[in-house]
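Chemist: Quick one: sequence plus predicted model below, questions after.
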Amino acid sequence: MIGKYRLLWQKPQLHQPGSDAKRVTWLELFYDLIFVVVISRLAHHLAAHPDLNTFIEFVLLFIPVWWVWLSIAYYNERFETFDLSFRAFTFLQMLSVAAIAATAEYGFSKTATGFALSYAFARAV
């Protein structure tokens, strides 16, 4: 009976450096692809309005997106488990990053509130 619950929830364990090589999963690749969409939306807005103000907005919106990606990439590299809870939290974070993508292009104007709430939810997850 205990083995059945191991599939649902495992205690994250620290990966030791130099241990067996960690392979990239399809879930990680799909997760990274969502970030590609966010960055392409930001870059599209910058390409449409190439001025200093838009470049500053691009940088200021890129930093929180980069911070979300970097934090989950670091966590996955050090503590990843392969249970249901890990996948569920990853999908929740994917939803929040997709919301960031939907609001990224106008993150300082029309969709500023949505961008901020999506970022806050991504960091909370």
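Modeler: Noted; the coordinates are in hand. Residues are numbered from 1 along each chain as shown.
Chemist: Name the next helix or strand downstream of the helix or strand bottoming out on mean pLDDT in the chain, please.
Modeler: When each helix and strand of the chain is scored by mean pLDDT, DSSP states H and E, helix 2-6 comes last, with a mean of 52. For helix 2-6, the succeeding helix or strand toward the C-terminus, using DSSP states H and E, is helix 26-48.
Chemist: Tell me where the model's unsure across this structure.
Modeler: 1-22, 80 (pLDDT under 70).
Chemist: Swap in 50 and give it another go.
Modeler: 1 (pLDDT under 50).
Chemist: Could you double-check that Ser118 lies in contact with Met94?
Modeler: No. The criterion here is CB atoms under 8 Å, and Ser118 misses it with Met94 at 11.6 Å. Using the backbone N, CA and C atoms, a C-beta is placed for each residue, glycine as well.
Chemist: Of those two, which one has the most company?
Modeler: Remark: of Ser118 and Met94, Ser118 carries more neighbours, 25 against 19, as counted by other CB atoms under 10 Å.
Chemist: Excluding chain neighbours, what is closest to that one?
Modeler: Sequence neighbours aside, Ala99 is the residue nearest to Ser118 in space, at 3.8 Å (criterion: CB to CB, 6 or more residues apart in numbering).
Chemist: tell me the contacts of that neighbour?
Modeler: Contacts for Ala99 were tallied using CB atoms under 8 Å, 6 or more residues apart in numbering; they are Gly114, Leu117, Ser118, Phe121.
Chemist: what separates the helix or strand encompassing it from the chain centre, distance-wise?
Modeler: Taking DSSP H and E as the definition, Ala99 sits inside helix 84-104. Relative to its chain's centre, helix 84-104 lies at 7 Å (CA atoms, centre = their mean, to the nearest Å).
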